[in-house]
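Engineer: sequence-free structure coming up:
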């Protein structure tokens, strides 16, 4: 039952993201066969990477792991899915010869899709760590991955925090997409940076296990990823040619 609920919201979120992408592409008058191929490549690589992102945890927890078990019960990694979708967009753009940045076309849809998809996590996964705050939620029965000592104790609704972040980000992105002064590709980079910083912070109240240095696996992934993303964005802005707004050498470096 829980798997079905989670899958339903993932499907709803993905559908909303695709519709928002198509609407934004049409608004920009950029929708063509090549851009549609970029969308498909991003979705495919994102779906595969989302599964691979939980492979290690699944192999550790399941005493008799199978491919079917991974697909049905292994879960999905949002960070893995985002990384895979980003890589898939870059790869497909090279294959079809699409040189323009597509990140800003993706940005509002990604935020909307994650806001909807996280409802599935909110309803089916361990909420977060114990809290004394008045909005804590209580798990009345055991939940896979939730320590038994936390049953009946107020917990951080960590997925509600993520829903609020992505919903707010969607509204901000829709507003900023027509704001002058932003270069093409900036919108998506800023969204990814904002989410990386938010996700690193919210991990401290989620129920994910600590792996090393007092940090979860997601935080260990986010540390180098955030530095790389911030560095590439700052580098691109620093060396952007004033006459064209984009250096030719970096035109294909934006998802």
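Structural biologist: Received it, and whenever you're ready, just let me know what you need. All of these numbers come straight from a predicted model, not from anything done at the bench.
Engineer: the helices in this protein, which residues?
Structural biologist: With DSSP state H as the criterion, the chain has helices at 2-27, 33-52, 55-61, 67-73, 78-96, 103-124, 158-176, 186-202, 217-238.
Engineer: Mean pLDDT, distance to residue 210 and mean neighbour count for these - can I get that in a markdown table?
Structural biologist: Just so you know, the C-beta spots here come from the backbone N, C-alpha and C atoms, and that holds for glycine as well. Converted to a markdown table, these look like this (pLDDT from 0 to 100; distance: least, CB to CB, whole Å; neighbours: other CB atoms under 10 Å):
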| stretch | mean pLDDT | distance to residue 210 | mean neighbour count |
| --- | --- | --- | --- |
| helix 2-27 | 88 | 24 | 16 |
| helix 33-52 | 89 | 22 | 19 |
| helix 55-61 | 56 | 14 | 13 |
| helix 67-73 | 55 | 23 | 12 |
| helix 78-96 | 89 | 17 | 20 |
| helix 103-124 | 91 | 20 | 23 |
| helix 158-176 | 94 | 15 | 18 |
| helix 186-202 | 90 | 14 | 19 |
| helix 217-238 | 77 | 9 | 15 |
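Engineer: Which one of these lies nearest to residue 145?
Structural biologist: Among the helices of the chain, helix 55-61 comes nearest to residue 145, with 8.3 Å by CB to CB.
Engineer: Is it correct that residue 111 is in contact with residue 166?
Structural biologist: Yes. If you go by CB atoms under 8 Å, residue 111 and residue 166 touch, sitting 4.9 Å apart.
Engineer: check contacts around the closest residue to residue 150 other than its chain neighbours.
Structural biologist: In this structure, residue 150 finds its nearest non-sequential neighbour in residue 130, 6.0 Å apart by CB to CB, 6 or more residues apart in numbering. Contact analysis of residue 130 by CB atoms under 8 Å, 6 or more residues apart in numbering lists 136, 150, 153, 154, 155, 156.
Engineer: roughly how far apart are residue 130 and residue 140?
Structural biologist: 15 Å (CB to CB, to the nearest Å).
Engineer: Contacts for stretch 112-124, please.
Structural biologist: So stretch 112-124 is contacted by 2-3, 5-10, 12-14, 16-17, 20, 78, 157, 159-160, 162-163, 166-167, 170 (CB under 8 Å, 6+ apart).
Engineer: repeat that with 6 Å
Structural biologist: Identification of contacts with stretch 112-124 by CB atoms under 6 Å, 6 or more residues apart in numbering yields 2, 5-6, 9-10, 12-14, 16-17, 20, 159, 162-163, 166-167, 170.
Engineer: can you check stretch 190-197 too?
Structural biologist: Under the contact criterion CB under 6 Å, 6+ apart, stretch 190-197 has outside partners 107, 169, 222, 226, 229, 230.
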